[in-house]
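[1] sequence? don't have it. structure:
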């Protein structure tokens, strides 16, 4: 049995969405158990599908809102549903935690409660973005770390490889996001990271493809694209905005008159497949990698279908023993993860800056 701890209070909608998603998830996964974490008054009337032996309510008296600062969430709301859910992972009661709550608070609480894996300086947020090959490209970091050193980018690549390998891909390819494919392009940190990634590939720790550009994310050139959190978050939000714009354009254009409505009817099968491919809800569920426990972040605005996808990602990661995979890969790459390895002999090592609040 795989047990997930669910922060039922998080996100824009809370229990009406999370409980519906949990019910649907359990109906399709007989080997799953859920710990529903939240205020007793909000969870006292569970849907019939959740009122069974595979579902347990874990009370929490407080809720981290989307407007709460990290300090409030971490220091003043110590019995929040978010923190209690993560504590279930630390205590071994659950294999993973899922929340749609405040991203900055989730990262801070998860890092405080679970701590980071040995060899990892900063956790990273990783998620999938649809590509033209019909699959998805895993991108990290998406906002947990605005400023990164070359060493951090190498750590992200190792953790991202473990995440994708857990889905069944033995040797996922890694690309380093840059302004061009040539080795000489990019700032000093990117150039140093490229050298580190090439060293890791030579040592058998990674399948490094080389530099990639932004459009390669959607081409599916590599299985994984590594970047700092500032660039990653911009890419994520831009893709979501583009998908929304395309959907709005199609709706407006095909409702103008009888002729365009007829065209829409004829093109419906194609449009349906296109909508399915770019539907960001299918890719909901970002992994917080680098922690001593599995935590997954859902979009705050997720509906029941999207939140269920986040549960799916957490379930699959726990079943595939993602945490052990990450630890193994990090341990194997340890000789390359030291500060001295992050800069060539002629350059000074980049100082490590305090991790900023996530902006995803």
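    Yep, it's here. Quantities reported herein were computed from a predicted structural model and do not represent experimental measurements.
[2] in stretch 98-112, what's buried?
    98-111 (16 or more other CB atoms under 10 Å). For glycine as for every other residue, the C-beta is placed from the backbone atoms N, C-alpha and C.
[3] chain center to that stretch: distance?
    Centroid separation for stretch 98-112 versus its chain: 12 Å, with CA atoms, centre = their mean, to the nearest Å.
[4] and it, average pLDDT?
    Averaged across stretch 98-112, pLDDT comes to 95.
[5] which SS class is residue 181?
    coil (DSSP: H, G, I helix; E, B strand; the rest coil).
[6] Now, the buried residues of stretch 98-112 that are in strands?
    98-99 (DSSP state E).
[7] just the buried residues of stretch 98-112 now: which is nearest residue 9?
    residue 101 (7.5 Å; CB to CB).
[8] What backbone torsions are found at residue 33?
    Main-chain dihedrals, residue 33, degrees, to the nearest 10: phi -130, psi 150.
[9] Would you mind stating the distance between it and residue 155?
    Between residue 33 and residue 155 the computed distance is 32 Å (CB to CB, to the nearest Å).
[10] ditto for residue 297
    For residue 297, the distance to residue 155 - CB to CB - is 19 Å.
[11] Stretch 51-66 spans what distance, first to last residue?
    Criterion CA to CA, to the nearest Å; first-to-last residue distance in stretch 51-66 is 29 Å.
[12] make that stretch 142-154, sorry
    15 Å.
[13] farthest-separated two in the buried residues of stretch 98-112?
    The largest separation in the buried residues of stretch 98-112, counting by CB to CB, is between 100 and 111 at 18.4 Å.
[14] what packs against the longest helix seen in the chain?
    Determined from DSSP state H, the single longest helix within the chain is helix 229-253. Applying 3 or more CB pairs under 8 Å, 6 or more residues apart in numbering; DSSP states H and E, we find helix 229-253 packed against strand 124-130, strand 136-140, strand 173-177, helix 214-219, helix 258-278.
[15] can you give me the angle it makes with strand 173-177?
    Helix 229-253 and strand 173-177 meet at an angle of 90 degrees, taking axes from the mean of the first three to the mean of the last three CA atoms, to 10 degrees as the criterion.
[16] follow-up on the earlier one: can you tell me which of the helices and strands packed on helix 229-253 comes nearest to residue 227?
    Nearest of those to residue 227, taken as CB to CB: strand 173-177 at 3.9 Å.
[17] Parallel or antiparallel, list what pairs with the closest one.
    Partners of strand 173-177 in the sheet, by DSSP bridges, are strand 207-212 (parallel), strand 224-226 (parallel).
[18] Next, the angle from the first one to strand 136-140.
    Counting by the same axes, to 10 degrees, strand 207-212 lies at 80 degrees to strand 136-140.
[19] centre of the chain versus strand 207-212, how much separation?
    Taking mean C-alpha positions (CA atoms, centre = their mean), strand 207-212 and its chain are 21 Å apart.
[20] List the contacts of that strand.
    With CB atoms under 8 Å, 6 or more residues apart in numbering as the test, strand 207-212 has contacts from 157, 161, 171-178, 180-183, 185-186, 190, 194, 197-198, 200-201, 221-222, 225.
[21] from the residues you listed, which would you call buried?
    157, 161, 172-178, 186, 190, 194, 197, 200-201, 221-222, 225.
[22] one step back: buried set for the longest helix of the chain?
    Of all the residues in helix 229-253, those buried under the rule 16+ other CB under 10 Å are 229-233, 235-236, 239.
[23] Relative to residue 308, which of those residues is nearest.
    Using CB to CB, the buried residues of helix 229-253 come closest to residue 308 at residue 236, 20.4 Å.
[24] which residue packs closest to that closest one, ignoring adjacent ones?
    Nearest-residue entry for residue 236: residue 142, 5.3 Å, with adjacent residues in sequence omitted and distances by CB to CB, 6 or more residues apart in numbering.
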